[in-house]
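1. Structure for the following, please:
(one chain, ligands or ions: 1)
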Amino acid sequence: MRILLVEDNAKLAAVTSEAMRSHGFAVDRVGTAQDAEDAIAAVSYDAIILDLGLPDRDGLSLLEPARRRSPSTPILVLTARDAPSSIIDALDSGADDYMSKPFVMGVLISRIRVLMRRPALRHDTILSESNVRLDLSQHVAKVEETELQLSRREFAALELFLRRPNRVFSKIEMEESIYGFGEELSSNAVEVLIHRLRKKLQAAGAAVDIHNMRGIGYMLAEKRS
Ligand code: CA
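-> Down below sits the predicted model:
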């Protein structure tokens, strides 16, 4: 089990990594956000322990790239900030757990073990809204028991909507999350994509629909009768 320890306090980092090693973990230690980002890009870790007060950047800024790189790697935030708002920020930004300093080493190690033994629970691999269901690990979209035949982009669009039902996504937001950098994109690509996806949802009897909020964007919500 390989762990990334992001901690700029050299003494604390040494003690922590020593303790983790004695419990059988392999530990990579970095002291800056930049080094952490490089490590996350290069190595697939089993868990990340993240300090927030880093010399170059706030550790919170690492949560999103880490999530993108490996959605199932648990991240435990370990920091001196103990205000409830800091805890909420960290958890909302994608941390799986939070511990305030000072901490008891044995508790940290137990928590890491707990995080690592439930990979299936930590991340939603099933997204659903009403009778529409998306299984991300199997890459299957269903309305009731009817499987939808979706293109890669239609699937990505549906995933985006199901992650935030009743939220309006602008055309730009949709383009950015569905199409990669430098992909050729016609000006009506999103409209065409939504049109196809709506037709497939309706044909399968979905109880939700993608509503066009004129001039604002698109939203997945209950079907209007
Ligand atoms: Ca620090």
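
2. Run a quick neighbour tally on the residue of the chain found nearest the ion.
-> Across the chain, the shortest distance to the ion (C-beta to the ion) belongs to G53, at 3.7 Å. Yep, even glycine has a C-beta here, placed from its N, CA and C like the rest. Applying other C-beta atoms under 10 Å, we find 13 residues neighbouring G53.

3. Test my guess that it contacts A80.
-> Yes. G53 sits in contact with A80 when judged by C-beta atoms under 8 Å, with a separation of 6.5 Å.

4. Have a look at this structure and report the helix or strand with the lowest mean pLDDT.
-> For the chain, scoring each helix and strand by mean pLDDT, DSSP states H and E identifies helix 119-122 as the least confident one, at a mean of 44.

5. L185: which element?
-> In this assignment (DSSP states H and E), L185 forms part of neither any helix nor any strand.

6. hang on, I meant E159
-> Taking DSSP H and E as the criterion, the element that holds E159 is helix 152-163.

7. Direction included, what does whichever helix or strand comes after that helix pair up with?
-> Downstream of helix 152-163, the next assigned helix or strand under DSSP H and E is strand 168-169. Strand 168-169 has its sheet partners listed here by DSSP bridges as strand 217-222 (antiparallel).

8. Could you look up the SS state of the closest residue to G94 other than its chain neighbours?
-> Leaving out its chain neighbours, the residue that sits closest to G94 by C-beta to C-beta, 6 or more residues apart in numbering is L63, at 4.2 Å. In terms of secondary structure, L63 is helix; the call rests on DSSP: H, G, I helix; E, B strand; the rest coil.

9. Tell me which residues touch L63, please.
-> Residues in contact with L63, defined by C-beta atoms under 8 Å, 6 or more residues apart in numbering, are L50, I75, A90, S93, G94, A95.

10. Just the residues you listed: which are in strands?
-> L50, I75 (DSSP state E).

11. With distance to Y179 and neighbour count as extra columns, can I get the contacts of L63 in TSV?
-> Compiled in TSV, the contacts of L63 are given as follows (distance: C-beta to C-beta, whole Å; neighbours: other C-beta atoms under 10 Å):
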residue	distance to Y179	neighbour count
L50	30	24
I75	28	27
A90	30	23
S93	25	16
G94	23	18
A95	29	24
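
12. Nearest to K223 among the contacts of L63?
-> Nearest to K223 among the contacts of L63 is G94, at 31.8 Å by C-beta to C-beta.

13. pretty sure the closest one is in contact with E64, am I right?
-> Yes. In this structure G94 lies within contact range of E64 using C-beta under 8 Å: 6.4 Å.

14. Averaged pLDDT, stretch 191-199. What do you get?
-> Predicted confidence along stretch 191-199 averages 96 (mean pLDDT).

15. So which residues make contact with that stretch?
-> Outside stretch 191-199, the residues that touch it by C-beta under 8 Å, 6+ apart are 150-151, 153-154, 157-158, 171, 174, 178, 186, 209-210, 212, 218.

16. What is the lowest-pLDDT residue among those?
-> In terms of pLDDT, I178 ranks lowest among the contacts of stretch 191-199, with 79.
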